[in-house]
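A.B. asks: Got a predicted structure here, sequence first:
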Amino acid sequence: MRVHLIAIGGSAMHNMAIALHKKGYQVTGSDDEVFEPSKGRLNKHGLLPDKMGWDEGRVTNEIDCIILGMHARKDNPELLKAQKLNLKIYSYPEYIFEQTKDKKRVVIGGSHGKTSMTAMTLHVLNDCGLDVDYMVGAQLAGFDVMVKLSHDADIVILEGDEYLSSPIDLRPKFHLYNPHIAVISGIAWDHINVFPTFDNYVKQFEIFADTVEPNGTLIYFDGDAEVAKIGGDFKYTKIAYNVHPNKCVDGITFLQNDGNEYPLEIFGDHNLQNLNASLEICLGLGLTKEQFYQSIQTFKGASRRLELIDENSSCSIFKDFAHSPSKLKATSSAVKKQFTNRKLIACMELHTFSSLNEEFLREYANTMDLPDEAFVYFNPQTIAHKKLKKISKEQVFNCFNRSDLRVFTSSDEFLKELKSRSWENLNLLLMSSGNFDGVDFNELVKELLD
């Protein structure tokens with residue numbers, strides 16, 4: 001089988017390339033630029049294009065199919081050549097389904113918690129010795145790739161992203177998987193460049209529920225009114241979940257079940273919601289509760305999902321992918337509740353298309369109220385690069401609706417402020433889908449803790 005990936009350097013696409021290579025397929029690809037870690041990982045497997053840029057000469061009748069990444073454009077010369085040759089062209093999610101159509105499919109959707117739930121589930125299944133295929137949006141401890149597509153596994157665990165499938169396929173990715181077991185964690189308006197209204201965004205999750213296979217199962221968070229409505233209307237097996245019973249002792253969270261207690265490496269109500277959904281998935285796949293509780297104790301979290309960078313006796317520093325309003329609240333709340341004897345400085349970067357949109361900014365009102373101090377950073381050049389309307393520090397300040405909020409537009413000034421503090425009985429939370437314009441988190445944390 002010969003497969004060619006257009007825009008092979010993307011986070012998902014390069015993992016797909018490696019997965020197919022490991023399956024024994026002949027894999028080629030192209031991109032206009034490839035950055036680390038994709039570059040090194042593709043090179044390790046001999047899959048890095050010999051030159052950057054698009055070349056229609058790479059596309060011939062010898063290719064069995066094309067996988068088109070979201071990064072490519074409609075007028076991509078390799079795509080046009082493939083269309084001219086009438087080659088089979090798949091979007092990324094279409095090809096995932098093609099590879100897994102004979103497997104039992106678990107698809108984990110929702111505006112937040114997808115990666116964590118997928119990671120928890122894979123950790124438990126792996127610990128219990130179950131061989132499953134998967135696709136997850138972060139690098140996980142114990143897994144060398146983010147996508148696995150094998151000949152033998154009977155089950156596949158898929159993180160169900162609601163973003164568009166490809167430049168020529170504008171359906172949300174999670175509409176294409178047809179799950180046997182589906183999860184919806186919550187609905188908080190995002191991707192406003194694609195879903196212009198909240199109602200339009202909610203509709204995508206209604207459609208997702210309708211794609212569940214006959215006699216399938218929907219696992220849903222009943223603390224979200226929109227999700228609860230979708231769950232209540234579901235016509236097959238439906239399982240509602242919420243925060244798993246727990247207690248916190250000396251900074252350690254313990255699960256509670258039938259008189260037994262199980263210590264965890266993770267904490268926070270949002271993680272305990274995710275964990276309960278993962279429990280229901282694992283039960284649906286034939287595991288016992290005791291197997292789940294024993295295995296989940298060693299789960300340390302997914303990369304950049306409330307990830308502990310480092311700590312000492314009086315300070316813990318975390319990084320989190322949080323960037324949407326609901327995620328800021330959930331992550332800040334988790335750290336505050338877990339460390340009641342310490343103050344918290346929370347920092348977030350406006351980095352995504354939605355967060356830098358002057359209309360969407362209003363959604364952030366009061367989302368940074370819980371931390372003792374709150375900093376927001378954005379780079380005006382990022383706004384220009386995304387071709388969005390300019391926003392000011394004053395606009396950001398007003399939209400967050402916190403009287404002592406600090407707003408920064410200089411990464412150097414932001415770092416200077418952090419380095420001026422004494423980190424005694426004080427935690428730091430860094431929230432962004434970026435890196436505050438090139439900040440090396442590990443180096444910063446080392447300097448702060450030293």
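C.D. replies: Everything's here; your move.
A.B. asks: Please, where are all the helices along this protein?
C.D. replies: 11-23, 38-44, 77-84, 92-100, 114-127, 198-210, 225-233, 269-284, 289-296, 325-338, 380-385, 393-400, 411-419, 441-449 (DSSP state H).
A.B. asks: Of the ones you listed, which stretch is the most buried?
C.D. replies: helix 114-127 (a mean of 25; mean count of other Cβ atoms under 10 Å). From N, CA and C alone the C-beta is placed, and that goes for glycine too.
A.B. asks: among the helices of the chain, which gets the worst mean confidence?
C.D. replies: When the helices of the chain are compared on mean pLDDT, helix 380-385 scores lowest, with a mean of 86.
A.B. asks: Which elements pack onto that helix?
C.D. replies: Judged by 3 or more Cβ pairs under 8 Å, 6 or more residues apart in numbering; DSSP states H and E, helix 380-385 is in contact with no other helix or strand.
A.B. asks: tell me how far it is from the chain's mean position?
C.D. replies: Computed by Cα atoms, centre = their mean, to the nearest Å, the chain-centroid distance of helix 380-385 equals 24 Å.
A.B. asks: what comes into contact with that helix?
C.D. replies: Helix 380-385 has contacts (Cβ atoms under 8 Å, 6 or more residues apart in numbering) with 351, 356, 389-391, 409.
A.B. asks: Any idea which residue is closest to the centre of the protein?
C.D. replies: Thr115 (4.6 Å; Cα atoms, centre = their mean).
A.B. asks: residues touching it, list them.
C.D. replies: 136-138, 159, 302, 305, 321.
A.B. asks: Also His270?
C.D. replies: 112-113, 330-331, 333-334.
A.B. asks: Serialize those residues to CSV and add fields for distance to Trp423.
C.D. replies: CSV is the format used below for the contacts of His270 (distance: Cβ to Cβ, whole Å):
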residue, distance to Trp423
His112, 28
Gly113, 29
Ala330, 24
Thr331, 19
Ser333, 21
Ala334, 19
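A.B. asks: List just the nearest of those to Asp404.
C.D. replies: Looking at these and their distance to Asp404, the nearest is Ser333, at 18.7 Å (Cβ to Cβ).
A.B. asks: Quick one: residues contacting the closest one.
C.D. replies: Ser333 sits next to 268-270, 370 when contact means Cβ under 8 Å, 6+ apart.
A.B. asks: same thing but at 7 Å, please
C.D. replies: 269, 370 (Cβ atoms under 7 Å, 6 or more residues apart in numbering).
A.B. asks: quick revisit: excluding residues flanking it in the chain, which one is nearest the residue nearest to the centre of the chain?
C.D. replies: Using Cβ to Cβ, 6 or more residues apart in numbering and skipping residues adjacent in sequence, the residue nearest Thr115 is Gly137, 4.6 Å away.
A.B. asks: now the one you found: how far from Asn15?
C.D. replies: Separation of Gly137 from Asn15 (Cβ to Cβ, to the nearest Å) stands at 10 Å.
A.B. asks: What of Leu448?
C.D. replies: In terms of Cβ to Cβ, Leu448 sits 33 Å off from Asn15.
A.B. asks: same check, this time on Lys173
C.D. replies: Taking Cβ to Cβ, one finds Lys173 at 14 Å from Asn15.
A.B. asks: Check Pro245 too.
C.D. replies: Taken as Cβ to Cβ, the span from Pro245 to Asn15 is 36 Å.
A.B. asks: And Gly284, by the same measure?
C.D. replies: 26 Å.
A.B. asks: tally of neighbours for Ala7?
C.D. replies: 27 (other Cβ atoms under 10 Å).
A.B. asks: For the nearest residue to it once chain neighbours are set aside, which residues are in contact?
C.D. replies: Using Cβ to Cβ, 6+ apart and skipping the chain neighbours, the partner closest in space to Ala7 is Gly69 (3.0 Å). Residues in contact with Gly69 (Cβ under 7 Å, 6+ apart) are 5-7, 10, 13, 92.
A.B. asks: CA-only coordinates of stretch 73-88 in CSV, if you can.
C.D. replies: Written as CSV, here are the backbone C-alpha positions of stretch 73-88 (Å, rounded to 0.1, in the frame of the first residue of the first chain):
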residue,chain,number,x,y,z
ARG,A,73,-4.6,24.9,0.7
LYS,A,74,-7.3,24.1,-1.9
ASP,A,75,-5.0,25.2,-4.7
ASN,A,76,-2.1,23.0,-3.5
PRO,A,77,-0.3,21.8,-6.7
GLU,A,78,0.0,18.2,-5.3
LEU,A,79,-3.7,18.2,-4.5
LEU,A,80,-4.7,19.5,-7.9
LYS,A,81,-2.5,16.8,-9.5
ALA,A,82,-4.1,14.1,-7.4
GLN,A,83,-7.6,15.3,-8.4
LYS,A,84,-6.6,15.4,-12.0
LEU,A,85,-5.4,11.8,-11.8
ASN,A,86,-8.6,10.8,-10.0
LEU,A,87,-6.7,9.4,-7.0
LYS,A,88,-8.5,8.5,-3.9
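A.B. asks: For the helices of the chain, give me a markdown table that also has distance to Arg58.
C.D. replies: Formatted as a markdown table, the helices of the chain follow (distance: least, Cβ to Cβ, whole Å):
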| stretch | distance to Arg58 |
| --- | --- |
| helix 11-23 | 14 |
| helix 38-44 | 15 |
| helix 77-84 | 6 |
| helix 92-100 | 18 |
| helix 114-127 | 32 |
| helix 198-210 | 34 |
| helix 225-233 | 43 |
| helix 269-284 | 40 |
| helix 289-296 | 44 |
| helix 325-338 | 40 |
| helix 380-385 | 29 |
| helix 393-400 | 45 |
| helix 411-419 | 39 |
| helix 441-449 | 37 |
